[in-house]
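Enquirer: Quick one, what's the 3D model for this:
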Amino acid sequence: MLLTIDVGNTHTVLGLFDGEEVIEHWRLATDPRRTADEIAVVLQGLLAQSPLLKNADIGGIAICSTVPSVLNEMREMCRRYYGDVTAVIVEPGVRTGVPVRMDNPKEVGSDRIVNALAAINLFGGPCIIVDFGTATSFDAVSAKGEYIGAVTAPGIEISVDALAAAGAQLHKVELVRPRSVIAKNTVEALQAGIIYGFAGQVDGIVERMAAELADDPDDVTVVATGGYATLVSGEARSIDVHEPWLTLIGLRLIYNRNKPMN
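Expert: Numbers count the residues shown, from 1 in each chain. Now for the predicted structure:
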């Protein structure tokens, strides 16, 4: 089995593959203070408690991270606790098969390249990936499978926190769809502004990106992923498909490209 780990700024998502299928998954808070030993304890506890994995044999590990300090500890965790398992970490020198057409390719987060690889393999190109994480990221992938550019906007949770902090009579609310767009109370007014506001932002940015990406914008597939994708994807008209495991799938593909040949 292949263990995939996507370390984001806010959350860390882990998935266990049996072949091409995600058979188990977990979402944890990303804690940059957590040591390699602590990571190992958490990971082994999750594996031990899953009824699906009593006899799980981890044959490989694939990791990408946007948090350098956590990546260092993940590397040490693999060395100390899974030294006999092939570990592929997405970093310079790792084969991804995704050409990066940016002014400075080193600026592009590894998770965005991983997502691009997964999207082009699953849906073909051209495509736009909307990743609802700490930031809301829009990544453009050409028909040839090239990563050609991006848009980055403040994420949903950041925006909600900022609004609650700046408004004396405003507070954080449960992020669910309100009864109507025109709200009858403060809680639903906030919910409507957050959900429909971000849906409108997605549609507006995607429309402009698709016009630059392809002669016919209808040829562009728009893929949603990330922790808040379920919240917005149903309200954004431009989103074609929601793939919650896009990054994990990309990690599996990169692992297969880089694992030693037997």
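
Enquirer: who touches Arg34 in this structure?
Expert: By Cβ atoms under 8 Å, 6 or more residues apart in numbering, Arg34 lies in contact with 42, 70, 73. Heads up, the C-betas are built off the backbone N, CA and C, glycines and all.

Enquirer: so where do the strands sit in the stretch 151-262 of the chain?
Expert: Shown for the stretch 151-262 of the chain, the strands assigned by DSSP state E, counting those that start in this stretch span residues 221-225, 241-242.

Enquirer: Contacts for the helix or strand where Ala87 lies, please.
Expert: Using DSSP states H and E, Ala87 sits in strand 86-89. For strand 86-89, contacts defined as Cβ under 8 Å, 6+ apart pick out 59-65, 71, 74-75, 78, 94, 254-255, 258-260.

Enquirer: Please check those and keep the buried ones.
Expert: Taking 16 or more other Cβ atoms under 10 Å as the criterion, what is buried in the contacts of strand 86-89 is 60-65, 71, 74-75, 78, 94, 254-255, 258.

Enquirer: Can you list the buried residues in the strand holding Ala87?
Expert: 87-89.

Enquirer: Name the next helix or strand downstream of that strand, please.
Expert: helix 110-123.

Enquirer: any idea of the angle that following helix forms with strand 221-225?
Expert: Here the directions of helix 110-123 and strand 221-225 differ by 130 degrees (axes from the mean of the first three to the mean of the last three Cα atoms, to 10 degrees).

Enquirer: Run through the neighbouring helices and strands of helix 110-123.
Expert: strand 60-65, strand 127-132, strand 135-141, strand 147-154, strand 221-225, helix 246-258 (3 or more Cβ pairs under 8 Å, 6 or more residues apart in numbering; DSSP states H and E).
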